[in-house]
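Student: quick one, structure for this:
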Amino acid sequence: MESRADIPRHSMPDEVQHTYSKFSDWKFKLFRVRSMERAPLPGEPPLSAVPTKPQGDVGPGHPGSVMRLCLGGKSKENVQANSQRVDLKLQEIDTHMECLKSLCRLCGMLLRKAKGPEHDVQGPLDEASRLPLRRMGCKAQGWPEVILKVFKVDVGADMETVHPQAFCHRCWMAAMRGGGFCSFGLTRVPEWQPHTSGCALCFPKKPTGAYQRKGRKRAKALRRAQSLAKRMKWESQSSSGAGVGGKAGLRALVDQQQGCGSRSRVKPGAQRALWVKNITLCQKDHLSATLLSDDLPADFLRAITCQVCDHLLSDPVQSPCRHLFCRGCILKYSRALGAHCPACSLPCDVAELKSPAKAFLAVLHSLALQCPREGCGELVRMDAFRAHCLGHLQQRQTQMRDNHADGELDGYLPVNKGGRPRQHLLSLTRRAQKHRLKELKNQVRAFADKEEGGDIKSVCLTLFLLALRAGNEHKQADELEAMMQGRGYGLHPAVCLAIRVNTFLSCSQYHKMYRTVKATSGRQIFQPLHTLRTAEKELLPGFHAFEWQPALKAVSSSWDVGILDGLSGWTSSVEDVPADTIARRFRYDVALVSALKDLEEDILEGLREHSLDDSSVTGFSVTIKESCDGMGDVSEKHGSGPAVPEKAVRFSFTVMSVLAHVEGEEASVSIFQETKPNSELSCKPLCLMFVDESDHETLTAILGPVVAERNAMKESRLILSLAGLPRSFRFHFRGTGYDEKMVREMEGLEASGSTYVCTLCDSTRAEASSNMVLHSITRSHQENLERYELWRTNPFSESADELRDRVKGVSAKPFMETQPTLDALHCDIGNATEFYKIFQDEIGEMHARGDVPSREERRRWRAALDKQLRKKMKLKPVMRMNGNYARRLMTTEAVEAVCELVPSEERRQALRELVALYLQMKPVWRSTWPARECPDQLCRYSFNSQRFAELLSSTFKYRYDGKITNYLHKTLAHVPEIVERDGSIGAWASEGNESGNKLFRRFRKMNARQSKSFELEDVLKHHWLYTSKYLQKFMEAHKNSAKALQATINPEEMPVDDSDMLLEVPDF
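Tutor: Numbering: from 1, shown residues only. This is a model prediction of the structure:
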């Protein structure tokens, strides 16, 4: 029976033995060659005559055992004992190992530089490390397991001659911080290579700045003309007596030298053709003109060949200057060298290309091409040439398959060519693996570029999946396929990002959930945080390239711009006053590009629904709704930094619609329409600032750059790639999402209590109360600017009252253009506030009184009204009117409850009629599309508003004699005109921006940090991700992820057939 010492694995030293026995046995058999045996030195007897030492003389832990294995049995002692000379290679290995002892295995730095004890890589966990790791959930017993999880390095196969055997205290601290599961640092583990003649450890390079010369730099000698060698000079001088012949020989010699050292001059035409070939790279895809069988005229050849690549036309397109190109060639040419025709250099936009005439295409496809295959020579039509060549290829593959079947047995026989045996792929270093798989890697890359758009990862994963299926390893294949499709065992990073953003999880909360699910299920369901950070880069502004034609005025042309400081224009705007606020924003054009890329699928779907070809669409028009409003008090107890106001303002925008301009048609085609324009999911934040909305100067300074970028984009067009093709976009901005107070701030008007009651017309409060209905929109941004100049200069030297009457209430410079419209949300709230006061007056019978009621009487009326509403409608009283209270107050049930407190029956009927008229008018300005949703109320609006005004001026004259509220005036006078002009009022309201106020507070709690500046950046970033339609679609498509997760954690408790479940992440 074979003894334990005779087994190859047990005769190896302990340093080389691998932890896993089967792999170690196989690896030792693979590497065990005759060169490992000790070679006899000169003067020694042959190997068979040398007496063998007892097994106990050299134990497994002997220091020379590893070197004896690596250096053919030699060691420093036996060499010195025989010939008193030291093997140089052995000395180099000793020096290399001494260098490795002073380095850290994980970070590569010197151990003495890290303050603290050293730790053995292969050793067990000591008590000081094991107990804290056990408390954090790590059950590892040795350092190799911890290093594998934290640093993703397998140290089980380390060799003493290649890898250091200790790691420093800094890496120990990184492993302890990660709890034995992950690393929060940026430690890069170096690749340790075996010792070579140019080893960087044994022969370190001189530091670049260590021995640099101090002081003044020595001047270099002037470069002289190149001189001939001495022998060449002597030969040229000796031949100078030949007269002209000597000079000619010298000239030839100089020409020969210059020809060897310098590059030959290339003609410009040939150089341009070489550039174009390197741009198009279509030599393997397009057909050459040499395949034509007949001698065709040169003009005809020029007509059927591409003007870029000189090949036969493939998928031809025609430019406005009537030149023909291959579609792929002209696209690559325009992208590289500019949008101009390669033949005549006239401007040629990609959007202006169109298909040539059908008669020309018929002639092109009927051309006869000669098959280039040897032995064929058949003439084939151009449209059937591809099928003909594929037939040859299939025939060749069939022949090769038959030949391979004949020699199949020979293919499996091992061929021993002598020398070193071929090592297994897994046992090689990473560099050797790359070298061996270089050809396969190039083939996979070529296939991915041609068929899969350059997605090499998907191709490799698919190959691995097919290999697992072929080996009947279906369990691993199912897990891999589920991870590739973003479902089941591993959620897609976009799904995990959507879960974190929509459930307002902080980094620590998400990481705790990630570790809990992974420890419970044994699989990585959620993606780690670094994967989420990589996924969110594609969704945030500053990731996609674009171009403006012409370039934006006073705006940088760079596109990779992230979050900016909102105080960039402070010094030039507010006379060097120190900033007492914090503001963060995106650049307007970069944010619009990111929003359009987020809508890419919807835009392409709209083009497909209307059957619009890429060549027929000449451009797109995008309508943007802008909103700006204060968020009130957003104070928090955490955070540090400058003393800033505890009020915040948000400026946001919404992509309302995208229109496609079709060639040959006057009317544009609507390919995208925002279905929920007043939702917080469609209102994208652009700027966040800690400032009071009534602070006109600070608001002007922060929003000044935004206004400049907006005005520059109006005069230019955006060139952005969608679906691989450059598209042209023009933007139309409409500032409609502002309440009454913000409009007056931006347009420079007086406050709401001013004599001039309206921001749409020039009516005073007395004129509006005497004539409630017949008014039209007269104000505009340009007119307000002109009136401000009159207010500032006073050219007619008028008094203050006369000048104020001339400028109609303009008292400050308008700094942002707003659309003359009505904010539906605040109009509803303002009118509900007015009706709340009417209810109180009717309870107190103000119509029958001639005096002014006292404060105590009004408090008593209000208390009675609040008590009745709380009893009948369950409406709790509020300090300030809000949207929810206004919606419930303006109902028929609320009016009936109020009428119980009104003594007179006549006043009850008047109050019921007044509220009924208001409820008929309200859907006209609150609905998104009134012509479709409430056509009857829209037709009766003028009659209802006239009757409503009559009631106010007669029955309720005690309240509206010479005065009227701002929103009641707009409701009665301007709603029909705005609906006729814009088609809707509710769709352009600021309700989406108002709904985002609660999101700001939730995101601020989610991203609680010590600095308010970084906190504001995180809020802006996560609020942008919250509005991403890409993430919303992923959440909708993966709503069954909780079911798969539960099945993974508790498979025995999960039924087989169950209804669909929604994703409830907070339960985790």
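Student: residue contacts, the residue lying closest to residue 974 once chain neighbours are set aside?
Tutor: Once flanking residues are discounted, residue 974 sits nearest to residue 760: 5.4 Å by Cβ to Cβ, 6 or more residues apart in numbering. Placement of C-beta: from N, CA and C, glycine included. Taking Cβ atoms under 8 Å, 6 or more residues apart in numbering as the criterion, residue 760 is in contact with 777-779, 820-822, 970, 974.
Student: number of nearby residues for residue 763?
Tutor: 22 (other Cβ atoms under 10 Å).
Student: closest one to residue 800 out of the contacts of residue 760, please.
Tutor: residue 779 (21.4 Å; Cβ to Cβ).
Student: how close does the closest one sit to residue 745?
Tutor: Distance, residue 779 to residue 745, using Cβ to Cβ, to the nearest Å: 15 Å.
Student: between these two, who's got more neighbours?
Tutor: Using other Cβ under 10 Å as the criterion, residue 779 and residue 745 rank with residue 745 on top: 24 against 21.
Student: specify the beta-bridge partners of residue 583.
Tutor: Taking DSSP bridges, one obtains residue 689 as the residues bridged to residue 583.
Student: residues touching the closest residue to residue 1031 other than its chain neighbours, list them.
Tutor: Leaving out its chain neighbours, the residue that sits closest to residue 1031 by Cβ to Cβ, 6+ apart is residue 498, at 4.0 Å. Contacts here follow Cβ under 8 Å, 6+ apart; on that basis residue 498 touches 1031-1032, 1034-1035.
Student: tell me the helix or strand right after the helix or strand encompassing residue 498.
Tutor: Using DSSP states H and E, residue 498 sits in helix 493-502. The helix or strand immediately downstream of helix 493-502 is helix 507-521, counting by DSSP H and E.
Student: buried stuff in the helix or strand following that following helix?
Tutor: For helix 507-521, the following helix or strand on the C-terminal side (DSSP H and E) is helix 529-537. Buried positions in helix 529-537, judged by neighbour count with 16 or more other Cβ atoms under 10 Å: 529, 532, 535-536.
Student: cool, stretch 332-347 as well?
Tutor: Quick answer for stretch 332-347 (16+ other Cβ under 10 Å): 332-334, 339-343.
Student: one more: stretch 904-917?
Tutor: 907-908, 910-912, 914-915, 917.
Student: then it to PDB, C-alphas only?
Tutor: Output in PDB follows, covering the C-alpha atoms of stretch 904-917 (Å, rounded to 0.1, in the frame of the first residue of the first chain):
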ATOM      1  CA  SER A 904     -83.000  84.400   6.700                       C
ATOM      2  CA  GLU A 905     -84.400  82.000   4.000                       C
ATOM      3  CA  GLU A 906     -83.800  84.700   1.300                       C
ATOM      4  CA  ARG A 907     -80.100  84.900   2.200                       C
ATOM      5  CA  ARG A 908     -79.800  81.100   2.200                       C
ATOM      6  CA  GLN A 909     -81.200  80.900  -1.400                       C
ATOM      7  CA  ALA A 910     -78.800  83.700  -2.500                       C
ATOM      8  CA  LEU A 911     -75.800  81.900  -0.800                       C
ATOM      9  CA  ARG A 912     -76.800  78.500  -2.500                       C
ATOM     10  CA  GLU A 913     -77.100  80.200  -5.900                       C
ATOM     11  CA  LEU A 914     -73.700  81.900  -5.500                       C
ATOM     12  CA  VAL A 915     -71.900  78.700  -4.600                       C
ATOM     13  CA  ALA A 916     -73.700  76.700  -7.300                       C
ATOM     14  CA  LEU A 917     -72.500  79.200 -10.000                       C
END
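Student: mean confidence for it?
Tutor: In this model, stretch 904-917 has an average pLDDT of 93.
Student: same question, stretch 558-577
Tutor: 71.
Student: equivalent analysis for stretch 624-641, please.
Tutor: 75.
Student: also stretch 531-544?
Tutor: Across stretch 531-544, pLDDT averages out at 90.
Student: now do it: everything it contacts.
Tutor: Contacts for stretch 531-544 (Cβ under 8 Å, 6+ apart): 493-494, 496-497, 500, 510, 527, 559-562, 586-587, 590-591, 593-594, 597-598, 720-721, 1021, 1024-1025, 1028, 1030-1031.
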